[in-house]
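K.L.:
Predicted structure and sequence below. I'll ask about it afterward.
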Amino acid sequence: MKSDNCTQCGICTKHCVFLSKYNINIGDTEKLYSLAYHCFLCGTCTRVCPQGIDGRTIILNMRRKRVIENGGKPDESGYGFLRFEKERYIFRNARHINSHIRSDAVLFPGCNFLSYYPKTLKVLFESLNEKKPMGILYDCCGKPIDDLGEKAKADAIAYRLNVTLNAAGVKEIVMVCPNCISFLKDKLDAKIVSVYAKLKELGPEDGIVNSEVNEFEDGEINIFPPCPDRRSKELLSDISEFLPKQYRTVDEVQCCGFGGCAGIKEPGLAKALPNSIKEKCGSKVYTYCATCSGSLKTAGCKEVWHVLTKILKTNEEPDVRHSLLNRLSGILK
Ligand code: SF4
Ligand code: SF4
C-alpha cells in the first residue's frame, strides 16, 4: 500500500526515533525521500499503522529509486567498505560446502555469527556433524546490499547462492541468522531450516543438546527479538523449546541500532537504541541475532547472551574487538 492513504495520525512518528527526530510521518514523502538512508528499516511503522501502510517498504523503495537515478549505486557517502565487503563477499568460502562426504545439507552461518561467535560456531558445526553430515558455506545473504537499495545486485547474490548450492547438490540449508532466514526465504531452491529446528530434530535424545541441562538460569529472562522476527516470532517459536518456561520479549525498542545501515547517517540514534534496550532489561539480555548481540555489547551491555551460546553451553561473549579478524578466519579454513 502506498502512503496515499495516510491520515497523518502521527502514530508511526510516536513509535520511531528517526521520524520523531525530524518530526515527520510516513505520509511526508518528500522529506522522507531525502532522508531515506536515515531510516533503520526496522518495520515498527508498518506494524503500528492503523491504515495498514507499509512504511518500511515505502522507504526501501525510495532507496531503490535513488540508486536507479544515480546510475546503480547509492548517492550517499559512507558505504564504501560495506559495499566492497558484501557485494562479492570478500570473506566467501565455499570449499567446504561438501565438507566430509557429499551431503545434501549445509550450514550457513551468515556474516555476523562467525564475526562474534567463532568458538560457538565451531561447536555447532561439530555437534551437527556428529549426527548428520553437512558442509558449511561462508557467504553473505545479500541483505545489507538490498538494504542500501541495490536490488539488482542483491538479486545477483541470491542467484549466485542458488548456483553454488545446486551445483553442490544441497537440498537443505541450515541457517543461524534471522536476517538471512527472512531475506532468503523465498529466494533459494534449497529448503531453509533454522538451526533451532535442526537441533530440535537431531536432539535432545540423540545427545546434541538437552533443554533440561542447558545454561539458562531459572526465573524470567529478557529476550530482545530482532527486527525480522518481531512480528511473526516464527523463529522464536523454534527457539522456545530450549528456553526457560518464563521469558519476556522486549518489543518496545524498535531496533538494536544496526538496522538499515542507518548508523552512518544517525550515529546518535544508533547509540541511543541499544541503550534503551539496556534500560528496559537491566544488566542481562538474551538475543538470537549476532548483530543485535554485537550492538548491545558495543553499547556497554555487561551481559548479552546469544541463546545458541547457552543451548550449546559455550557461554561465549560477543567478540566485538576481533569481528573483522574472525570473519577473515572463514576464508582460511
Ligand atoms: S501511522 Fe500510518 S496513517 Fe498514521 S501517520 Fe503514520 S503512515 Fe500515516
Ligand atoms: S522502518 Fe523503523 S526507522 Fe524506518 S521509519 Fe519505520 S519505524 Fe522508523
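P.N.:
Sure thing, it's come through. Ligands and ions are numbered 1, 2, ... in the order given.

K.L.:
How much space separates residue 28 from residue 91?
P.N.:
Counting by C-beta to C-beta, to the nearest Å, the gap from residue 28 to residue 91 is 39 Å. Where you see a C-beta, it was placed from the backbone N, CA and C, and this is true even at glycine.

K.L.:
Compare neighbour counts for those two and give me the winner.
P.N.:
residue 91 (20 against 17; other C-beta atoms under 10 Å).

K.L.:
That one contacts residue 138, doesn't it?
P.N.:
Yes: in this structure residue 91 lies within contact range of residue 138 using C-beta atoms under 8 Å: 6.3 Å.

K.L.:
Quick check: neighbours shared by these two?
P.N.:
With C-beta atoms under 8 Å, 6 or more residues apart in numbering applied, the overlap between the contact sets of residue 91 and residue 138 consists of 330-331.

K.L.:
hey, where'd the helices end up in the stretch 101-250 of the chain?
P.N.:
With DSSP state H, counting those that start in this stretch, the ranges of helices along the stretch 101-250 of the chain come out as 110-116, 118-131, 143-147, 151-167, 178-184, 195-202, 234-240.

K.L.:
Mean pLDDT and mean neighbour count added to these, as TSV?
P.N.:
Converted to TSV, the helices of the stretch 101-250 of the chain look like this (pLDDT from 0 to 100; neighbours: other C-beta atoms under 10 Å):
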stretch	mean pLDDT	mean neighbour count
helix 110-116	94	25
helix 118-131	93	18
helix 143-147	97	23
helix 151-167	96	17
helix 178-184	97	23
helix 195-202	92	20
helix 234-240	94	18
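
K.L.:
can you redo the ones you listed as JSON lines with distance to residue 329?
P.N.:
Converted to JSON lines, these look like this (distance: least, C-beta to C-beta, whole Å):
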{"stretch": "helix 110-116", "distance to residue 329": "7"}
{"stretch": "helix 118-131", "distance to residue 329": "6"}
{"stretch": "helix 143-147", "distance to residue 329": "20"}
{"stretch": "helix 151-167", "distance to residue 329": "20"}
{"stretch": "helix 178-184", "distance to residue 329": "19"}
{"stretch": "helix 195-202", "distance to residue 329": "20"}
{"stretch": "helix 234-240", "distance to residue 329": "26"}
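
K.L.:
Which residues are in contact with the spatially closest residue to residue 29 that is not a sequence neighbour?
P.N.:
Ranked by C-beta to C-beta, 6 or more residues apart in numbering and with sequence neighbours excluded, the top spatial neighbour of residue 29 is residue 3, at 5.7 Å. The neighbours of residue 3, taking C-beta under 8 Å, 6+ apart as the test, are 26-27, 29, 53, 55, 58.

K.L.:
What about ligand 2: which of those touch it?
P.N.:
residue 55 (C-beta under 6 Å from any ligand atom).

K.L.:
for the contacts of residue 3, which one is nearest residue 80?
P.N.:
residue 58 (26.6 Å; C-beta to C-beta).

K.L.:
Tell me the first helix or strand C-terminal of the helix or strand where that closest one lies.
P.N.:
When elements are assigned from DSSP states H and E, residue 58 belongs to helix 55-69. Proceeding C-terminally, helix 55-69 gives way to helix 80-87 as the next helix or strand, assigned by DSSP H and E.

K.L.:
Near ligand 1, which residues of the stretch 1-150 of the chain are found?
P.N.:
Proximity of the stretch 1-150 of the chain to ligand 1 is assessed by C-beta under 6 Å from any ligand atom, with 6-12, 25-27, 49, 51, 53, 55 identified as the residues in range.

K.L.:
Drop anything exposed from the residues you listed.
P.N.:
Taking 16 or more other C-beta atoms under 10 Å as the criterion, what is buried in these is 6, 11-12, 25-27, 49, 53, 55.
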